[in-house]
Structure formats: C-alpha cells, structure tokens
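[1] From the sequence below, what's the structure:
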Amino acid sequence: LTTIDPHLMEAIPVSGRDPRESMEVLMPGATAAGTGASFFIPVTSFNGVSQLTNNYDIDGAAMNDYMHGSAAANFPQSENISEFSVASALPDASVGRGAGGQIEATLKNGTNQFHGQFWTYLQNGAWNANSWSNNFQGIRRQPFNQQWYGGNIGGPVWIPKLYNGKDKTFFFLSYERTTTSKNSTTSGQTITNAERSGDFTNSPDGVPVVNGQPMPIIPASDFGPLGKALSASGGTAIMPAPTSGIDTFTWNPSFDTLTQTWAVRIDENIGSKNRVFGSLWWYNESRTFQDMYDEFSEASWATQYPNP
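    Predicted coordinates for the structure are as follows:
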C-alpha cells in the first residue's frame, strides 16, 4: 500500500484536473493503459493485470463504472484530497472487488480553524502553435479557450447565537466550474467532382466494373436515384465537394463543454473516541458539439489527408 499526502500531491504535475492517473502511474508495476474500452476515462494496469479490474473508492464508497471497468467519473481535484492511496499487490479481505489496483481517495475535512483556497487556470489558443496537420492542409489555427474557476472552504459549523461546532461539528465545501470552447479540424474522404458527373477515369478508388466490364464513364441516363441526387444542384448537401486534394473534405466543427463539480463533507465528533461523517462528490459534464465525429478529429486514424 502506497499513500500520497497532500504536500506530494501539490508537487505532482497533473494533466487536466483529475490527479488520479498522474498518481497511479507513480506506483511500482503501474503502466498507463489509455482509455480503450473504458469510455474516455484513463485507466492504469498494475503488474500486468487487466486495467478493467481496478477498484475505485472515495471516502470508502465505490465509484466504479461496472460496464466499462473504469472509474465512473473523474476524481476530486488535488486541492480537495487529503490522502490518496494505491494498493498494487493482492489486496486483503477488506477489499470487496477487483483483482487489479485498489485506488482510494479521502476528501479533506474541516478543522477548528477556517481555511480556504481559490484557484483559476486559463488556456487560450492564441498562445498555441498551429498543428502539423492544419499546416499541411493550409488550415488556420482554430479557436480554443478553456477556463477553470474553483475554490474550497472548511472549518467548524458555526451559526451565530444558535450553534457553535468548535471541537464537535466540521464542514468542508468545494465548487469548481470549467468551460471549454474550441473548434477542431476533421477531414474525410468524399467523391471527386469528376465522379459526381459520372467520370471515373482518374478515380482514386479505381474504375467501376459493370456486368463484368470496366466502365470509366457512366452516362447520366444510367444514374440511379442516389447518383441523380448527388449530381443535382443540391448534391453537395448530401456529399460535399472536396476542399483540398481531389477527394478530401475538411471542416471545423465547434465543441463546447461545461463541467461543474461539488465536494461536500460533514464530520461530527461523538465523544473523544468516535467520529461519524458523510460526504458527497458530484460531477456533471454537458457537451454541445456540431459533429458526432469530433471526438476522433485529432486521431491520425480518423484523418484523411489530401490526395495530390
């Protein structure tokens, strides 16, 4: 079992706002396993065991996506975690599931003194260079803007003239809001202008064979319903004309994301030896995008580069 305290967590570089993956890969025998079958949630393999058999807990409560085998959502931010632990070897009987790593985070709690934090992180496309693929295709740098705002506060529950929770009742509360707005570049193969009119002489996909005979030119009179629709004046609304090369269509869809998180914890001391607590970790992400393929637009296998 390896435990990481808040001071070390603050010193570990984190990509995004989920510290879990960055701290997992520091463990002996840990290998980053990407997202794969885990539905966009990064996972880690421990000692060669499948990355889909890990167990994730926050304050002792399971946070597992049992369908995809990953964490159900991002973990709380580093600023809101008091302890992060990973057991990468075979766990003891206290762990109820998972042959892989046992990952647990503990939320911060309030104390007798009021403490708080405020943070903000900004990213803007004006500070970025254009991508290689955009330069190759003659596409300008696309807009990108991302803003994080958040904070937390903790201390004794104190209601003037009604209740003083010093040494007894404590609270911890955190909220973060993240907005992301960007345009990506997506390229795909379409038909050439010559193919649209029935001329397949120089088609990059070869000459069609009809009734066993090559037919480089198909008369408009032989077009079926789809061919007639594509060759009509509104055909480019069905299958767009190339924007580069001879059969490549490139477009720049927008993608907007709003992410909000709440972390809440209440602790109650019952005498000097017993304590009861309750906590809530709430994560909500809403997306608005123009293109269902936007998620894959930056992947090389989903990009069609222009034919000369």
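[2] Check which helix or strand Glu21 maps to.
    helix 20-24 (DSSP states H and E).
[3] What pLDDT does the model give Asp167?
    Per-residue confidence (pLDDT) for Asp167: 91.
[4] if we look at the helix holding Glu21, which residues are touching it?
    Contact partners of helix 20-24, identified using C-beta atoms under 8 Å, 6 or more residues apart in numbering, comprise 4, 9, 12-15, 30, 32, 42-44, 56, 71, 74-75, 84, 86, 101, 103, 105. For the C-beta atoms, the positions are set from N, CA and C on the backbone; glycine is no exception.
[5] again with stretch 277-293
    When contacts are defined by C-beta under 8 Å, 6+ apart, stretch 277-293 is touched by residues 58-59, 61, 63, 73-74, 76, 107, 109, 184, 186, 188, 251, 253-268, 297, 302.
[6] 6 Å instead?
    By C-beta atoms under 6 Å, 6 or more residues apart in numbering, the surrounding residues in contact with stretch 277-293 are 58-59, 73-74, 76, 107, 186, 253-267.
[7] Can I get the buried ones among those as something I can paste into PyMOL?
    Buried subset of the contacts of stretch 277-293, written as a PyMOL selection, criterion 16 or more other C-beta atoms under 10 Å:
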select buried, resi 58+59+73+74+76+107+186+253+255+259+261+263+265+266+267
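[8] mind listing which of the contacts of stretch 277-293 are in strands?
    Of the contacts of stretch 277-293, the ones assigned to strands by DSSP state E are 58, 107, 186, 254-267.
[9] Which ones among the contacts of helix 20-24 map onto helices?
    Met9 (DSSP state H).
[10] which among the contacts of helix 20-24 end up buried?
    4, 9, 30, 42-44, 56, 71, 74-75, 84, 86, 101, 103, 105.
[11] So of these, which two are at opposite extremes in space?
    Across the buried ones among the contacts of helix 20-24, the longest distance by C-beta to C-beta is 19.7 Å; it joins Met9 and Val43.
[12] for stretch 155-170, how far is the first residue from the last?
    Criterion C-alpha to C-alpha, to the nearest Å; first-to-last residue distance in stretch 155-170 is 6 Å.
[13] Can you mark which positions in it are buried?
    Residues of stretch 155-170 classed as buried by neighbour count (16+ other C-beta under 10 Å): 155-157, 165, 169-170.
[14] Let me know how buried the closest residue to Pro214 other than its chain neighbours is, in neighbour terms.
    Sequence neighbours aside, Val207 is the residue nearest to Pro214 in space, at 4.8 Å (criterion: C-beta to C-beta, 6 or more residues apart in numbering). A count of nearby residues for Val207, using other C-beta atoms under 10 Å, gives 13.
[15] my read: Val207 touches Gln213, true?
    No - using C-beta atoms under 6 Å, Val207 is not in contact with Gln213; the gap is 10.0 Å.
[16] all helices of the stretch 201-308 of the chain, in order?
    Secondary structure of the stretch 201-308 of the chain (DSSP state H, counting those that start in this stretch): helices located at 225-231.
[17] From the opening residue of stretch 52-61 to its closing one, how far?
    End-to-end distance (C-alpha to C-alpha), stretch 52-61: 18 Å.
[18] Can you list the buried residues in it?
    Result for stretch 52-61 [16+ other C-beta under 10 Å]: buried residues 52, 54-59.
[19] right, and Lys108 touches Phe172 too?
    Yes - assessed by C-beta under 6 Å, Lys108 is found in contact with Phe172 at 5.3 Å.
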